[in-house]
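Novice: 3D, please:
(one chain, ligands or ions: 1)
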Amino acid sequence: MRELTRMFNYKFKLLIAMSLFFAQLISANASVKVNISIEQPEHHLALVELKFEQVHKNKVNFHLPTWRTGRYQTLNLANGIREFIAKDSQGNVLSWKKTDKSTWQVADTKDKEIILSYQVYANQLAKRTRHIDDSHAFLDSSAVVMYSDVSRGLTHNIQLVVPEEWRSFSGLEIGGNEHQFIASNYDQLVDSPIETGINEHHQFNVDSRQYELVIWGEGNFDSAKMVKDLQILVKQSKHIWQGYPFKRYVFMVHATSGARGATEHVNSTIIQRSRFKFSTRKDYLSFIAVAAHEFVHTWNVKQYRPKGIVPYDYQQENYSNLLWLVEGSTSYLQYQLLLRGSLMTTDEFFTALAKRITAHRHKPGATSQSVAQASFDAWISEGGDYGNNHSVNIYAEGFLASWLLDFDILTKTALSKSYRNAHNQLYQQHRLPKSYKEEDVLNILKQVTGEDYQVWWQENIHSTTAIDFSLLLAKAGLEMSYDKGGDDKASTKSKVWTGLKIKPNTYGLTVSSVEKNSPAWHAGITTEDVLVAIDGLRLADKAFEHRLKDFKPKQNITMTYFRRDKLRTTTLELATMPKNKLKIIPMAKASTQQKAFFKAWTGVDFPEKK
Ligand SMILES: [Zn+2]
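Specialist: Sure thing, here's the model as predicted:
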């Protein structure tokens, strides 16, 4: 069955590749005209009209994707489509039916131009798919524009009809007016979202490339600083890749409430942040780190990507064991840009590393799932309590796999090569429309180091691995240290550990996660339990951690809680709070070799201890 599915996938992908190829042959001038009219923005509605040139088939299937690029999860995009009408150029209505959730099959189409029109409901801000309100519209075309096997390869001319004071931006080529864009094919269209509305726009040039920053929303950001730092950021990619895959790049920012996260696109990115999360150093650092992450993606995944996701199959999941390399390596390489551009200090880098190590240590799933398995299952990953205890995340653990690989390459090549060289080779040798497989990555590692990586790959990518962080950090002259803080009488922190995470809600102190093998895990407490008392005394709201301050490790407490409305009691043996507040610091007596390793790794000088 699995083999059959694979055969089908292969045939399907071949069909897509062929249709893209033949579509290009049909006519260099053939195009799809896309009209997106935003007439009722306050109701989140747009009217879309698509004009397709003559087709020679009796019926045509038009699809809306079931997912969008950069988010490896199926989404209910077709659910926002209503009032679908198909006509020919004479205005005759053509009959149609839906053949699956995302496919509209139009009949009687032979030798006719086809005009589709439909309404789109756009109210998915946080998913970065489509959002329209009375101040703007963000349109990722995978959630707005339909395609057929033939039209996918054709030029798309997009005309927006928007309120008069709105201004429109996109990574796409600009057409005859500011609300007109041209995409050379559907794949470029869906990978180039459009931001239109009332916004702030900045433009700058670096190394004869044009960059733009578009910000929708109000907040505590300093756009002059953002422009200054983005100018520095975009210069740093030369430390990883030889060459730029674009002439123009657009950073789009949504400063809003109720949304966070970001998505990479072919020559643009959309970054969403809470409107008041820009001004403190911590918040700003997080913004610029996200910008660095998305900019790295312009090469890693937008220019070279694993075989399972080339070409994109928009109608179903696209499987690959290498999504950790797509996401985790990007999280890893983002620091190369930040450090080399002095956008982040070494101390800030150490804090970020310490946070990642601590998170890994509280990730029991790291002993259950390899990064290759997590990559394959990204499409069904839901995170949460089960995810934390039994799975890994392609970002966090992919970061660690990349770090291990980088240090291994630096060691094997006596600091002459690094993981950056491997990424540059992926870019030089496997750029789209090519793709890369695991064997290709192994070949590149062999080219870069002269050594075979089969065993390393099996141990670190296809198996779960225990990482010796002390050993790893020592290579670069760094060590781990822990904030004592414990004996300080004024300390408000509890010394005991339960393994529980609590999220107070209307029901009370609701358990949101229980770390595997922790005291709470052994006591049988689970997510959604509502804690009500310790040793028979009511737990006041938000007082859980405070209450634990009065207990010592190894002490037993009686925990009373509701599980689905029924009162229950259990005994929990408290443990010692695991060494907290990990800090990474430079060794006082780091050797010349360690300092050289640090410099080869980060591009900046070893920070001497003050
Ligand atoms: Zn990413």
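Novice: Okay, now the unreliable bits of the stretch 451-600 of the chain?
Specialist: Residue ranges of the stretch 451-600 of the chain with pLDDT under 70: 484-493, 579-580.
Novice: Leaving out chain neighbours, which residue sits closest to the closest residue to the ion within it?
Specialist: Nearest residue of the stretch 451-600 of the chain to the ion: Ile461, at 18.5 Å (Cβ to the ion). For the C-beta atoms, the positions are set from N, CA and C on the backbone; glycine is no exception. Closest residue to Ile461 apart from its sequence neighbours, by Cβ to Cβ, 6 or more residues apart in numbering: Ala372 at 5.2 Å.
Novice: Confirm that neighbour sits in a strand?
Specialist: No - Ala372 is assigned helix when assessed by DSSP: H, G, I helix; E, B strand; the rest coil, not a strand.
Novice: can you count the residues close to it?
Specialist: Using other Cβ atoms under 10 Å, Ala372 has 23 other residues around it.
Novice: Could you number the chain from 43 rather than 1 from now on?
Specialist: In the new count, where the first residue is 43, that last one comes out as Ala414.
Novice: Surely it is in contact with Asn363?
Specialist: Yes - with contact defined as Cβ atoms under 8 Å, Ala414 reaches Asn363; the gap is 4.1 Å.
Novice: Report the set of residues contacting both of those two.
Specialist: Overlap of the contact sets of Ala414 and Asn363 (by Cβ atoms under 8 Å, 6 or more residues apart in numbering) consists of Ile503, His504.
Novice: re earlier: any figure for the gap between the residue nearest to Ile503 and Glu481?
Specialist: For Ala414, the distance to Glu481 (Cβ to Cβ, to the nearest Å) stands at 14 Å.
Novice: And the helices in the stretch 43-192 of the chain?
Specialist: For the stretch 43-192 of the chain, applying DSSP state H, counting those that start in this stretch gives helices covering 44-68.
Novice: Ser79 is in contact with Tyr160, isn't it?
Specialist: No - Ser79 is beyond contact range of Tyr160, at 11.6 Å (criterion: Cβ under 8 Å).
Novice: Would you mind telling me which of the two has more residues around it?
Specialist: Tyr160 (21 against 15).
Novice: Look at the nearest residue to Asp153 once chain neighbours are set aside and report its pLDDT.
Specialist: Computed as Cβ to Cβ, 6+ apart, the closest residue to Asp153 that is not its neighbour in sequence is Gln96, at 5.8 Å. For Gln96, the pLDDT comes out at 91.
Novice: Show me which residues of the stretch 243-392 of the chain are close to the ion?
Specialist: Residues of the stretch 243-392 of the chain lying close to the ion by Cβ under 5 Å from the ion are Glu369, Thr372.
Novice: Please report how far Leu92 lies from His564.
Specialist: 59 Å.
Novice: who's more crowded, the two?
Specialist: The neighbour comparison of Leu92 against His564 (other Cβ under 10 Å) goes to Leu92, with 22 against 16.
Novice: Shouldn't Tyr291 be within a strand?
Specialist: Yes - according to three-state DSSP, Tyr291 belongs to a strand.
Novice: What segments of the stretch 193-342 of the chain are helices?
Specialist: Using DSSP H, counting those that start in this stretch, the helices of the stretch 193-342 of the chain run over 228-232, 265-277, 323-339.
Novice: which residue sits closest to Lys101, ignoring its sequence neighbours?
Specialist: Ala149 (4.8 Å).
Novice: What's the local residue count around the one you found?
Specialist: Neighbour tally, Ala149, other Cβ under 10 Å: 13.
Novice: thought it was touching Val135?
Specialist: No - using Cβ under 8 Å, Ala149 makes no contact with Val135, being 11.0 Å away.
Novice: need the contact list for the residue of the stretch 493-642 of the chain closest to the ion.
Specialist: Asn363, Trp366, Ser412, Val413, Ala414, Ala443, Glu480.
Novice: cutoff 10 Å now
Specialist: The contact partners of Ile503, by Cβ atoms under 10 Å, 6 or more residues apart in numbering, come to 363-364, 366-367, 412-415, 417, 440, 443, 446-447, 480, 483-484, 495.
Novice: Serialize the helices of the stretch 193-342 of the chain to a markdown table and add fields for mean neighbour count, distance to Phe604 and mean pLDDT.
Specialist: Putting those into a markdown table (neighbours: other Cβ atoms under 10 Å; distance: least, Cβ to Cβ, whole Å; pLDDT from 0 to 100) gives the following:
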| stretch | mean neighbour count | distance to Phe604 | mean pLDDT |
| --- | --- | --- | --- |
| helix 228-232 | 24 | 47 | 98 |
| helix 265-277 | 17 | 47 | 98 |
| helix 323-339 | 20 | 37 | 98 |
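Novice: TSV for those, including distance to Val187?
Specialist: TSV is the format used below for the helices of the stretch 193-342 of the chain (distance: least, Cβ to Cβ, whole Å):
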stretch	distance to Val187
helix 228-232	6
helix 265-277	29
helix 323-339	22
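Novice: follow-up on the earlier one: overlap of the contact sets of Ser79 and Tyr160?
Specialist: Ala88, Leu89, Val90, Glu91.
Novice: Met268: which of those residues is nearest?
Specialist: The closest of those to Met268 turns out to be Ala88 (Cβ to Cβ; 29.4 Å).
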